[in-house]
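>>> Provided below for reference: sequence and predicted model.
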Amino acid sequence: MGEFKKALALRPDYPQAWNGVGLFYVEKKAWQQAISSFQKALEMQPNFVDALNNLGRCFQIIGRKDRAICLFQQALAIEPDDPGILNNLGLALARALCPRTPTGKRSRAKSTSGFKVW
């Protein structure tokens, strides 16, 4: 974190440093601070794909699937072939469609085509 603080002291408008701060907070599971940091990076560089993806992951973790899906879609509009973002979007959509049951297991989506789902 020290290096990011030094970078921000020199250039508080440096989005890559804010993204790094966000990743530091992700490691600490300090989700609100991570979200704040990624949002600051995006205020400075709205098409910063890594920050969009990282912010989406944070929202997914705290249960804001709707917001996560929107952020992953924004990131894919910029980098449509990024496998990490495609994976994150797929997981977010699957979790939105098949939420956990009270026992903690995922419910299975019903297939109308005869193919197994999930």
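Noted; the coordinates are in hand.
>>> quick one: low-confidence ranges for this protein?
100-118 (pLDDT under 70).
>>> Hmm, Arg11 is touching Ala17, no?
Yes - using C-beta atoms under 8 Å, Arg11 is in contact with Ala17, at 7.2 Å. (C-beta placed from N, C-alpha, C; glycine too.)
>>> okay, those two: which has more neighbours?
Ala17 (23 against 11; other C-beta atoms under 10 Å).
>>> Helix or strand next in line after the helix or strand containing the more buried one, which one?
For Ala17, the host element (DSSP states H and E) is helix 15-27. Downstream of helix 15-27, the next assigned helix or strand under DSSP H and E is helix 31-44.
>>> Output the contacting helices and strands for that next one.
helix 15-27, helix 49-61 (3 or more C-beta pairs under 8 Å, 6 or more residues apart in numbering; DSSP states H and E).
>>> got a list of what Phe59 touches?
35, 65, 67-68, 71 (C-beta atoms under 8 Å, 6 or more residues apart in numbering).
>>> whoops, I mixed them up, Val26
Contacts of Val26 (C-beta under 8 Å, 6+ apart): 34, 54, 57-58.
>>> now, which of the residues you listed sits nearest Ala92?
Distances from Ala92 to the contacts of Val26, taken as C-beta to C-beta, are shortest for Arg57 (9.0 Å).
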